[in-house]
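Enquirer: no sequence on this one, just coordinates:
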């Protein structure tokens, strides 16, 4: 973080547009398959600034999901490191890493992964409740972010009572409710029809413009990729400008 970075009233750092929110240095992931080692990511380098949206494209099997897992702290690299908001994930034990994910990283998947037995409001409030926030406060924050994604009228509905586009809006709200430093999206429109995908794309554009967090979006959708600030291609374990 540079000298323009300050502390917000909630104790979290605030970032200027030129602050580096995500930094990958020599990021490598090697898997053992039988007698051979398979290098999926090879000394990958990446920097993403606060408020920047980066699309990652590549063929199936190129390592895009592996990359997201490493950036989100769901997997450990074979070499190299990931720094988010100035903090190295490599320096954290599992408990600290879980807490860091809760506070700094939001996830949106192609399949929403909402909890079927809970309402939209309860699903979105869940990360704040896990953090230890009071229920009333957590639900107020959840209701506010659901309003921002156009889902306030559906707060009490369970996922099975919502359309695919509505469920994805709830998933996006859940990712953003913690005011994360980084949002990771894996094919966020890949399971939606074209009209609904376009609506989600417009929603994401508006949210990104109002947020200082960085976005990494893995997608096969050219329209979604084109709407981001940068498009990077993952090929043979390396990232390059597309």
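Expert: Yes, it's here. Given the structure is predicted, the values throughout are model-derived calculations rather than measurements.
Enquirer: Determine how far the lengthiest helix in the chain lies from the middle of the whole chain.
Expert: Determined from DSSP state H, the single longest helix within the chain is helix 194-210. With Cα atoms, centre = their mean, to the nearest Å as the basis, helix 194-210 stands 15 Å off its chain's centre.
Enquirer: For that helix, name the packing helices and strands.
Expert: Applying 3 or more Cβ pairs under 8 Å, 6 or more residues apart in numbering; DSSP states H and E, we find helix 194-210 packed against helix 164-176, helix 222-226. For the C-beta atoms, the positions are set from N, CA and C on the backbone; glycine is no exception.
Enquirer: Looking at the ones you listed, which one is packed in the most?
Expert: Scoring these by mean neighbour count under mean count of other Cβ atoms under 10 Å gives helix 164-176 as the most buried, with a mean of 24.
Enquirer: Just after that one, pick out the following helix or strand.
Expert: Per DSSP states H and E, the first helix or strand lying C-terminal to helix 164-176 is strand 182-186.
Enquirer: quick one, that next one and helix 164-176 angle?
Expert: 150 degrees (axes from the mean of the first three to the mean of the last three Cα atoms, to 10 degrees).
Enquirer: Next, the angle from strand 182-186 to helix 194-210.
Expert: Going by the same axes, to 10 degrees, strand 182-186 makes 170 degrees with helix 194-210.
Enquirer: quick revisit: I'd like the helices and strands packed on helix 194-210 laid out as JSON lines, including distance to residue 103 and mean pLDDT.
Expert: As requested, the helices and strands packed on helix 194-210 are exported to JSON lines (distance: least, Cβ to Cβ, whole Å; pLDDT from 0 to 100):
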{"stretch": "helix 164-176", "distance to residue 103": "13", "mean pLDDT": "85"}
{"stretch": "helix 222-226", "distance to residue 103": "27", "mean pLDDT": "83"}
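Enquirer: quick one: which of these is nearest residue 127?
Expert: Closest approach to residue 127 among the helices and strands packed on helix 194-210 is made by helix 164-176 (6.6 Å; Cβ to Cβ).
Enquirer: Check which helices and strands the closest one is in contact with.
Expert: strand 105-109, helix 120-131, helix 135-148, strand 182-186, helix 194-210.
Enquirer: One more pass at 6 Å, please.
Expert: When contacts are defined as 3 or more Cβ pairs under 6 Å, 6 or more residues apart in numbering; DSSP states H and E, helix 164-176 sits against strand 105-109, helix 120-131, helix 135-148.
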